[in-house]
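Undergrad: Pasted the sequence and its predicted model underneath.
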Amino acid sequence: MEAAELILKQLKLRDLGGIIIVDFIDMDSDAHKKFLMNFLRERAAFDRNKTKIVDMTPLGLVEITRQSSRH
């Protein structure tokens with residue numbers, strides 16, 4: 001959860017936008033995957049920019065789309 005929180009924080013601080021792929025290794029438990037995805041979606045809701053946590057692939061990759069605030 002610390003890594004997930006830090007990833008979202010860095011996306012905001014660096015104002016990164018586009019498609020971001022995050023590799024969460026060793027996520028074997030389906031319950032842990034669901035908890036992580038819910039955690040990411042809840043935290044992403046606090047971002048002023050449009051941020052969407054898409055889904056986790058079978059390989060443990062999480063796709064995030066985020067709109068940059070730069071114009």
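TA: Cool, the structure landed. Remember, predicted model here, so these are calculated numbers, not experimental data.
Undergrad: Residue 61 against residue 25, yeah?
TA: No. In this structure, residue 61 is not within contact of residue 25 by C-beta atoms under 8 Å, at 9.9 Å. Where C-beta positions appear, they are placed from N, C-alpha and C, glycine not excepted.
Undergrad: Of these two, which one has the most company?
TA: Neighbours around residue 61 and residue 25, counted as other C-beta atoms under 10 Å, are more numerous at residue 61. The numbers are 14 against 7.
Undergrad: how near is that one to residue 43?
TA: From residue 61 across to residue 43, the span is 18 Å (C-beta to C-beta, to the nearest Å).
Undergrad: Same question for residue 9.
TA: For residue 9, the distance to residue 43 (C-beta to C-beta) stands at 9 Å.
Undergrad: same question, residue 32
TA: Using C-beta to C-beta, residue 32 is found at 16 Å from residue 43.
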